[in-house]
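A.B. asks: Model the following, please.
(one chain, ligands or ions: 1)
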Amino acid sequence: MNENKKKVKALGLCSGGLDSILSGVVLARQGVDVVWVSFETPFFSAEKARRASDMTGIPLIVTDIFHRYLPMLKNPPAGYGRYMNPCMDCHALMFRIACEQMPQIGADFLFSGEVMGQRPMSQTKSSLRYVEKHSGCEGRILRPLSAKRLPESDMEKRGLVDRQRLFDFTGRSRKPQIRLARELGIVDYPAPGGGCMLTDPNYSKRVNDLLDHVENPEWEDFELLQYGRHIRLSTGVKLVAGRYLEDNNHILSLYRPETDVRIVMKDKPGPVGLIPRCDPEEERIKTGAAICAGYGQGADDESVQVIVTSPKIHETLSVIPIKPDQISTLVIM
Ligand code: SF4
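C.D. replies: Predicted coordinates:
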């Protein structure tokens with residue numbers, strides 16, 4: 001063997017799920033120098049990928065792709081899945097970004113743990129083809145777990161990987177993957193699913209509302225969608241009111257004093273309210289404060305003292321609580 005021969009290097013997309021773990025380990029066992037990349041947005045994190053990297057020893061790069069993800073999310077050419085999940089264009093974008101990272105890593109090709117036919121929208125044969133075509137990396141993407149179901153890739157033809165040691169998994173059953181994991185001694189892997197907020201029906205409704213009303217939402221705007229009740233007071237004004245103490249704490253942590261209005265009950269426990277990213281008229285602020293009071297322990301009182309802080313004011317208002325049943329049509333979800 002030529003000692004100077006460069007080791008084959010591959011960059012893999014890693015979600016941290018069993019399929020991506022297997023695809024990386026399978027290639028590493030063939031002697032390929034494997035590096036993973038995982039992406040972060042407000043909708044999914046690299047947490048599972050970090051655990052997978054710790055467990056396998058495969059190095060991981062984590063890249064924040066929010067600013068490239070948002071324009072795609074607003075208008076995905078291949079459309080959305082059941083909710084606001086633009087899976088095909090999401091995959092295509094991830095591969096495109098990974099493709100751009102290849103020279104810096106010195107990678108010969110990309111790979112992922114996708115299994116043909118596993119997901120109805122994003123992992124059919126034509127979807128895998130769509131993703132490859134729109135990734136800017138055509139001919140340089142390997143799917144080790146389904147490779148034998150797909151036409152022989154250039155990497156296999158050139159002998160960079162041994163096709164015989166790749167797999168022919170297909171469909172929704174996870175039994176073959178679980179068997180392979182056992183054979184490879186992989187016992188600690190996460191349960192499938194649950195990693196992407198865009199597949200959550202209620203979160204998706206809030207995303208839709210946000211994109212309809214805010215031209216350039218920021219990371220925190222999407223993060224805020226996970227907490228509290230969201231109540232649209234007018235086209236440009238939305239109130240977020242905490243449901244529990246935990247909600248209140250998250251909402252407070254996302255409060256931006258330079259742009260937001262914060263509403264806190266003065267004497268009796270109740271929700272923290274936030275009117276994000278706008279400069280509402282005083283009447284709207286009062287309505288928001290009254291709605292918050294209506295969810296609090298002073299809901300049956302004649303009036304409730306509420307502390308309001310905005311970029312312009314910091315004052316205590318006395319409001320007549322508005323009960324939840326009076327505003328049910330304004331609640332988003
Ligand atoms: S489930 Fe979410 S992260 Fe996964 S491909 Fe679809 S949009 Fe992307």
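
A.B. asks: Quick check: can you list the domain ranges of this protein?
C.D. replies: Per automatic domain parsing, the structural domains of the chain span 9-197, 200-330.

A.B. asks: In JSON lines: those, plus mean neighbour count and mean pLDDT.
C.D. replies: Bear in mind the C-beta positions are built from the backbone N, C-alpha and C, glycine included. JSON lines is the format used below for the domains of the chain (neighbours: other CB atoms under 10 Å; pLDDT from 0 to 100):
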{"stretch": "domain 9-197", "mean neighbour count": "18", "mean pLDDT": "94"}
{"stretch": "domain 200-330", "mean neighbour count": "18", "mean pLDDT": "96"}
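
A.B. asks: Save those domains as JSON lines, and put in distance to the ligand too.
C.D. replies: JSON lines is the format used below for those (distance: least, CB to the nearest ligand atom, whole Å):
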{"stretch": "domain 9-197", "distance to the ligand": "3"}
{"stretch": "domain 200-330", "distance to the ligand": "10"}
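
A.B. asks: Next one, pLDDT for residue 6 please.
C.D. replies: On pLDDT, residue 6 comes in at 81.

A.B. asks: Tally up the residues packed near it, please.
C.D. replies: 9 (other CB atoms under 10 Å).

A.B. asks: Please, where are all the helices along the stretch 201-333 of the chain?
C.D. replies: 201-213, 219-224, 245-253, 282-295 (DSSP state H, counting those that start in this stretch).

A.B. asks: Among the ones you listed, which comes closest to residue 45?
C.D. replies: Residue 45 sits nearest to helix 219-224 of all the helices of the stretch 201-333 of the chain, at 11.0 Å, using CB to CB.

A.B. asks: which strands and helices sit next to that closest one?
C.D. replies: helix 201-213 (3 or more CB pairs under 8 Å, 6 or more residues apart in numbering; DSSP states H and E).

A.B. asks: For the helix it packs on, name the packing helices and strands.
C.D. replies: Applying 3+ CB pairs under 8 Å, 6+ apart, one finds that helix 201-213 contacts helix 66-74, helix 219-224, strand 229-234.
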